[in-house]
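Enquirer: Fold the following for me, if possible:
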Amino acid sequence: MNAPAGRARHVAVIGEATCSRRTAAAAERIGRALATAGAVLFTGGRGGVMEAASRGAAEAGGTVVGVLPGFDRRGANRWVQIPVVTGMDQARNVILVRSCEAVIAVGGMYGTLSEIALALKLGIPVIGLRTWRLRQPDGRRVPIVVARTPEDAVARALAAAERTRARTGARSRTWLS
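Expert: Model (predicted):
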């Protein structure tokens, strides 16, 4: 199910920097499944969900990009292969989300919530696994696709990434495509 050479899908995995073992295990399974499918994993590059997904992807032979908030690549978790140093703190969330064709939210705190909002604002699909459930002020549901398992989240994200790629064309190709 690998994408053709030069056409790897870019998928972000977002979630809390300090998470439970259950959440970390789910994120690790997601990272592994993304790598097996030939997708490039993007995270915020730090601990918790980011580190667990990075570990899963790296151990499965995938490519792991960490979009870091600080000024030093040493702030990345040990599984990040390509650290992107931004010096932008939470504003780096825009770069992370904009670099991807789909986002998988696993658990999450307020940083995750901001990334979800940015993705939705930019038209990037969000797949959620045990994450925020939101409603708009008028009661309408926010279009977060709910996944039942880590593998379901990956399948939905990869399908969404293909739709994003088809809709946006060359604009979705970044420096890793």
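
Enquirer: buried sites along the biggest helix by length in the chain?
Expert: Secondary structure assigned by DSSP state H gives helix 150-168 as the longest helix of the chain. Buried residues in helix 150-168, defined by neighbour count with 16 or more other C-beta atoms under 10 Å: 150, 153-158, 160-161, 164-165. Quick note: C-beta positions are derived from backbone N, CA and C, even for glycine.

Enquirer: Pro150 versus Ile127, what's the distance?
Expert: Ile127 sits 11 Å away from Pro150, going by C-beta to C-beta, to the nearest Å.

Enquirer: Revised request: answer the last question for Gly44.
Expert: Counting by C-beta to C-beta - Gly44 and Pro150 are separated by 19 Å.

Enquirer: Then Trp132?
Expert: 17 Å.

Enquirer: where does this protein have low pLDDT?
Expert: Scanning the chain for pLDDT under 70 picks out 1-6, 170-177.

Enquirer: In it, mark out all the helices, start to finish.
Expert: If DSSP H is used as the criterion, the helices of the chain fall at 21-36, 49-59, 92-98, 110-121, 150-168.

Enquirer: what sits up against the last one?
Expert: Going back to what we said before, that points to helix 150-168. 1, 9-11, 26-27, 29-30, 33-34, 37, 39, 100-104, 106, 123-125, 127-129, 145, 147, 172 (C-beta atoms under 8 Å, 6 or more residues apart in numbering).

Enquirer: quick one, what contacts the closest residue to Pro150 other than its chain neighbours?
Expert: Excluding the flanking residues, the one nearest Pro150 by C-beta to C-beta, 6 or more residues apart in numbering is Arg29, at 3.8 Å. With contact set as C-beta under 8 Å, 6+ apart, Arg29 has these partners: 56, 150-151.
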